[in-house]
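Asks: Below are the sequence and a predicted model; questions follow.
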Amino acid sequence: MSEYRDTPFERALAIGDAAFHDLADFAPVMIWRSGTDALCDWFNKPWLDFTGKRMEEEVGEGWAQGVHPDDYDRCLATYLGAFQAREPFSMEYRLRRHDGEYIWLLDNGAPYYRDDHFAGYWGSCVDVSAHRDAQQAQRILINELNHRVKNTLAVVQAIAAQSFRDDRSLAESRQTFEQRLLALAGAHDLLIARSWEEVALRAVVDATIAPHDPGGNRIRADGPALMLRPETSVSVAMALHELLTNAGKYGALSTAKGTVRIDWTYRQTSGGMLRIDWKESGGPPVHLPSQRGFGTRFIERVLADQARGMAQVRFEPDGVRCIFEAPARAGSRLASRLETAPASVEGG
């Protein structure tokens with residue numbers, strides 16, 4: 001047997017409690033041990049560093065004083081239930097860190113035996129706060145995505161219902177439908193570029209009017225720097241698209257000298273309110289239509305519902321006027337210009 005002396009196997013058998021404690025103290029996890037009475041009798045250095053407590057403060061039931069009050073009963077019930085059944089367990093609970101903050105831990109414990117006799121439990125804990133935060137963020141994202149997809153589908157459904165009408169040819173209906181879908185897609189492109197966060201009103205306006213005014217001399221838009229929520233920016237873009245389309249077919253933009261003014265103001269309220277005033281001039285005489293078209297109904301109803309505001313289209317003799325209000329937030333002019341620059345270059 002002399003040839004087996006001082007082998008790794010023999011050294012492993014010779015490791016004592018002191019060597020094991022050294023090893024456990026260098027482990028990247030928090031380790032604990034309990035005896036046959038279910039009371040903890042040892043914790044490694046990472047555990048004590050985490051709690052900021054001394055060994056004598058944590059042993060026995062001392063460690064449990066750091067468990068979050070909302071998790072305390074569940075934590076002990078899980079541990080004691082597994083202990084009595086001599087079964088492994090896995091659970092998550094919050095433990096107070098040395099700075100007073102409660103941190104989510106994943107605790108895995110299992111019984112161990114010496115000479116075929118039950119000797120207690122070994123357990124280890126790892127910080128899972130980041131993982132839980134990521135899961136929560138994912139749930140919020142999925143719920144938000146579900147909400148936005150439903151809203152978008154509702155708008156598409158309304159667009160389809162009004163685009164394919166009996167009084168239009170299939171080709172005309174298809175063209176109208178595709179144009180409205182392109183306008184909706186353009187509004188979503190702005191939101192994607194901003195990671196579905198707030199969008200500058202100026203960017204929405206410039207991107208929407210660019211295809212309808214290549215020379216940039218027939219549509220004038222002016223107002224303070226404002227920021228819109230995602231659903232509001234989509235509604236504003238779609239409303240402007242409908243107004244621009246109608247102006248190009250029947251209104252001011254259907255003539256060589258017609259112009260459009262888009263002015264907006266901001267009223268500081270509890271939430272902040274945007275007021276947009278669209279006014280056409282120099283176009284053919286305006287007559288009150290016998291029935292409201294899709295564009296008008298969309299602006300007055302769907303936009304008002306989506307943007308939680310108010311909208312009204314007026315068929316004034318010298319040119320169509322549209323006024324609508326929606327929630328907004330005052331933004332910096334620099335941020336507005338930075339967002340507008342790419343859209344202006346692309347539109348030109």
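Replies: Received, thanks.

Asks: Can you show me the strands along the stretch 101-250 of the chain?
Replies: When assigned using DSSP state E, counting those that start in this stretch, the strands of the stretch 101-250 of the chain occupy the ranges 102-114, 117-127, 199-200, 219-222, 226-228.

Asks: Tell me where the model's unsure across the stretch 101-250 of the chain.
Replies: Scanning the stretch 101-250 of the chain with the threshold set as pLDDT under 70 gives 140-141, 143-159, 161-163, 165-168, 176, 180, 183-196.

Asks: can you give me the helices in it?
Replies: Per DSSP state H, counting those that start in this stretch, the stretch 101-250 of the chain carries helices over the ranges 129-163, 170-193, 201-209, 230-249.

Asks: could I get the strands of the stretch 101-250 of the chain as a markdown table with mean neighbour count and distance to His287?
Replies: The C-beta positions use only the backbone N, C-alpha and C, and glycine is treated the same way. A markdown table is the format used below for those (neighbours: other Cβ atoms under 10 Å; distance: least, Cβ to Cβ, whole Å):
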| stretch | mean neighbour count | distance to His287 |
| --- | --- | --- |
| strand 102-114 | 16 | 67 |
| strand 117-127 | 17 | 71 |
| strand 199-200 | 26 | 36 |
| strand 219-222 | 16 | 23 |
| strand 226-228 | 24 | 33 |
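
Asks: what about those strands, which gets the closest to Leu48?
Replies: strand 117-127 (12.4 Å; Cβ to Cβ).

Asks: Just checking: what are the partner strands of that closest one?
Replies: strand 30-34 (antiparallel), strand 102-114 (antiparallel) (DSSP bridges).

Asks: List the contacts of it.
Replies: 27, 29-36, 38, 41, 47, 83, 86, 95, 103-113 (Cβ atoms under 8 Å, 6 or more residues apart in numbering).

Asks: cutoff 7 Å now
Replies: Applying Cβ atoms under 7 Å, 6 or more residues apart in numbering, the contact partners of strand 117-127 are 29-36, 83, 86, 103, 105-113.

Asks: on that earlier part again, could the strands of the stretch 101-250 of the chain go into JSON lines alongside distance to Glu61?
Replies: Output for those, formatted as JSON lines (distance: least, Cβ to Cβ, whole Å):
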{"stretch": "strand 102-114", "distance to Glu61": "16"}
{"stretch": "strand 117-127", "distance to Glu61": "14"}
{"stretch": "strand 199-200", "distance to Glu61": "55"}
{"stretch": "strand 219-222", "distance to Glu61": "70"}
{"stretch": "strand 226-228", "distance to Glu61": "54"}
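
Asks: right, and the ones you listed - which one's nearest Gly251?
Replies: Using Cβ to Cβ, the strands of the stretch 101-250 of the chain put strand 219-222 closest to Gly251, at 11.9 Å.

Asks: Which neighbours in the sheet does that closest one have, and how are they oriented?
Replies: Strand pairing (DSSP bridges) places strand 219-222 next to strand 259-267 (parallel).

Asks: any idea of the mean pLDDT for the partner strand?
Replies: Computed over strand 259-267, the mean pLDDT rounds to 94.

Asks: That strand: which residues count as buried?
Replies: 259-262, 264, 266 (16 or more other Cβ atoms under 10 Å).

Asks: Dump the strands paired with strand 117-127 into JSON lines; add distance to Asn246 as well.
Replies: Supplementary listing: those in JSON lines, determined by distance: least, Cβ to Cβ, whole Å:
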{"stretch": "strand 30-34", "distance to Asn246": "67"}
{"stretch": "strand 102-114", "distance to Asn246": "56"}
